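In: Sequence below, structure please.
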Amino acid sequence: MNIAILGGRFDPPHIWHFWTAQQILENMKDMDEVWLLPDQANALKPIIAPSEDRVEMLKFMETGRIRLSTIALGKSNITYTIDVVKELTQSIEKKFFWVVGSDAIGEFSRWREYQKLSRMIQFLVFPRKDFPIRLLPPGFRRVEGNLLLSNISSSIIRERVRHGLTIDGLVFPEVREYIRKHNLYR
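Out: Numbers count the residues shown, from 1 in each chain. Modelled structure (predicted):
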């Protein structure tokens, strides 16, 4: 079984997280599932909403082949990709791929043990609007196809919520209601 891991803060999860996962499944015929894997804490960027809230919001994105994985949660420390990959690669019946947006390539050298990491797992690079893919590091492969691209980000959504602006169309309606009900990102 081939599984693409879409990890990150998901703070909040937005429509483009879903469409990235969906397009990987549509364009990579050998991919069986995409797992959405939220960080407990992130070494490079702060996380605003508690993990419990982010998990509840991610549940709205699950389908038969897009699933939530909480493997990185419950740990009291920062989520390092290398640690998650070490745990995942213990499985002999599953092959994992790590998904990153093209905006993350420039900061990959800041990841813990990044050189070892790129030998342990193949990276799938999903293009993001305004972040053209010029050169890929070893162990990285571009997701190809007739892809829809976007510049939607969680930080844009948090900023819109903070200013009382609509986030309709940027998140699932259930996520919008969850944010409102739990007074997140104000």
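In: In the protein, which residue sits furthest out from the middle?
Out: Gly164 (25.5 Å; C-alpha atoms, centre = their mean).
In: which other residues reach the biggest helix by length in the chain?
Out: Longest among the helix segments of the chain by residue count, using DSSP state H, is helix 15-27. Here helix 15-27 makes contact (C-beta atoms under 8 Å, 6 or more residues apart in numbering) with 4, 6, 8, 10, 31, 33-34, 36, 61, 65-66, 99, 101, 124, 126, 143-148, 150, 152-153, 169-172. All C-beta atoms are positioned from the backbone trio N, CA, C, and that covers glycine.
In: for the protein, what are the low-confidence residue spans?
Out: Counting by pLDDT under 70, the ranges of the chain that qualify are 75-76.
In: Tell me which stretches of it form strands.
Out: 2-8, 33-38, 66-68, 95-101, 122-126, 140-142 (DSSP state E).
In: most neighbours per residue, which of the ones you listed?
Out: A comparison of the strands of the chain by mean neighbour count, using mean count of other C-beta atoms under 10 Å, puts strand 33-38 on top with a mean of 24.
In: Show me where this protein has its helices.
Out: With helices called from DSSP H, the chain shows them at 15-27, 51-58, 81-88, 114-120, 154-162, 173-181.
In: Out of these, which gets nearest to Gly74?
Out: Evaluated over the helices of the chain, closeness to Gly74 peaks at helix 51-58, with 8.3 Å, by C-beta to C-beta.
In: and that closest one, what does it pack onto?
Out: strand 33-38, helix 173-181 (3 or more C-beta pairs under 8 Å, 6 or more residues apart in numbering; DSSP states H and E).
In: I'd like the ones you listed as TSV, with distance to Arg119 appended.
Out: Compiled in TSV, the helices and strands packed on helix 51-58 are given as follows (distance: least, C-beta to C-beta, whole Å):
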stretch	distance to Arg119
strand 33-38	20
helix 173-181	36
